[in-house]
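Q: A structural model of the following input is requested.
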Amino acid sequence: MRVAMRSLALSVAAVVFCSMTPPTAAQGSDPLTAIQQKLTERIALAGLDNNGEIVTAGSVVILQKSSLQMCGTTAPANAGAPNNSYKNGKLSAGMFSWNLGLGLLHIDPNSIPMHTSAAGEKFWIVHFNVKKNGVEFKIWTDPDANNIRYYTWLTIPFDKKQVPSPDEFMNTLAEVLAVEPVQNQGGQPGQAPSDSGQSTPANNDGVGQDNAASAQGIYFRRDLKSDTMELGPNGVFALVQNGRKYEGNYSVEGQILTVWGPKIPGRQKCSLVGNVITDPGKTIWENPGAPQNVAATPAVPPAPAAVTPLPQPPPQRVYEEVAPPPPPPPPAPTIAMGQTKDQVTAAFGEPQRKAAAGQREIFFYTDLKMKVTFTYGKVSSID
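A: A predicted model of the protein is given here:
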């Protein structure tokens, strides 16, 4: 009887153990690894340099919920950033714990630039980490009107009882961050679509696709062959100029080439005629492998039949005093990426106002409605 009862107890324990084992474990798969793989397939991370500048474009994500709390990247390294959490359809930020931590570090919270993001704003994702209790994302912005970038952490916690499937987690992620498909990522992050005017895809609904295809190739700078501009397929653009690399997207409409990207201020319009590109700084780029697009020589009309001219009176000589032509106007001053402060002031004079932020210095030419940003003494953006 005791042997029978012991066997029954072991059988019941085995049934209970099997009922408590998650289906994924029975199948020999790790749900965390599956979520990691799904995120890797869906999201391309943007790359940062040591100064916190975006050097490699990644997936563009659009915020679906308002009140995402962010701080400036100029904050002290040990200050960290707010940790936002998304759960049950609500977005919340642990500002109390973050401010408490700043106080323990003797950092004044008022000295850190802050930004509350609204639904519709666009960002980069520079890092994500799948942990046993949830997934955390590190979010980065492009510079705002004051040339300040912002960043933050967003955590999507798991249910304590069960890790979601990859599809279930991606559905939850889409409630707060929508990842744009690659072909629709012409918009530059950092601005809401209704305000920025930068959300138009490079090749949306076939607009400009034929022109863009004919413009593809590598263009060399006429006065410096080591600098190149490459127009690749799918509207992808790469530029090497003055030893620095810029990446982004482009579109072609007629003879207008428009380029934009993380390190390019606004949407820059260039002239594209045949195999020659002229950028806003009047720099000329040529593609030696592209057709010249030389217009056909018009046919010469046949000569008219000979007509005997009527006798004409002798011409009368009229003497008029002709004023000498006016001297040509002086060339307009130009500015280009990579110029020094001395070159800019030589062309435009001293600015009406200057501002400095770390390794950056900003010249404000209010009369020209122009703002020039220098990084390490060279032009890095023109607004």
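Q: Can you show me the strands along the stretch 1-150 of the chain?
A: For the stretch 1-150 of the chain, strands defined by DSSP state E, counting those that start in this stretch occupy the ranges 47-48, 54-56, 60-63, 68-72, 83-87, 90-93, 114-117, 122-131, 134-140, 150-157.
Q: I'd like to know which of those strands lies nearest to G243.
A: Using Cβ to Cβ as the criterion, the shortest distance between G243 and these is 13.2 Å, found for strand 54-56. Bear in mind the C-beta positions are built from the backbone N, C-alpha and C, glycine included.
Q: So what's the gap between that closest one and the chain middle?
A: Averaging C-alpha positions (Cα atoms, centre = their mean, to the nearest Å) puts strand 54-56 8 Å from its chain's average.
Q: and if you look at stretch 123-131?
A: On Cα atoms, centre = their mean, the centre of stretch 123-131 falls 17 Å from the chain's centre.
Q: in it, what's buried?
A: Using 16 or more other Cβ atoms under 10 Å as the burial criterion, the residues of stretch 123-131 that qualify are 123-126, 128, 130.
Q: what's the answer for stretch 128-148, then?
A: Neighbour-count burial for stretch 128-148 flags 128, 130, 134-143, 147 (criterion: 16+ other Cβ under 10 Å).
Q: Stretch 72-84 too?
A: Applying a neighbour-count criterion of 16+ other Cβ under 10 Å, the buried positions in stretch 72-84 are 72-73, 75, 79-84.
Q: try stretch 339-348
A: Within stretch 339-348, the residues that qualify as buried by neighbour count (16+ other Cβ under 10 Å) are 339, 341, 344, 348.
Q: any chance of these in CSV, with distance to G232 too?
A: Converted to CSV, the buried residues of stretch 339-348 look like this (distance: Cβ to Cβ, whole Å):
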residue, distance to G232
Q339, 27
K341, 34
V344, 32
F348, 34
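Q: out of these, which are inside strands?
A: For those, membership in strands holds for none, with DSSP state E as the criterion.
Q: would you list these in JSON lines and tack on distance to A118 and pLDDT?
A: Supplementary listing: the buried residues of stretch 339-348 in JSON lines, determined by distance: Cβ to Cβ, whole Å; pLDDT from 0 to 100:
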{"residue": "Q339", "distance to A118": "36", "pLDDT": "88"}
{"residue": "K341", "distance to A118": "36", "pLDDT": "86"}
{"residue": "V344", "distance to A118": "35", "pLDDT": "87"}
{"residue": "F348", "distance to A118": "36", "pLDDT": "83"}
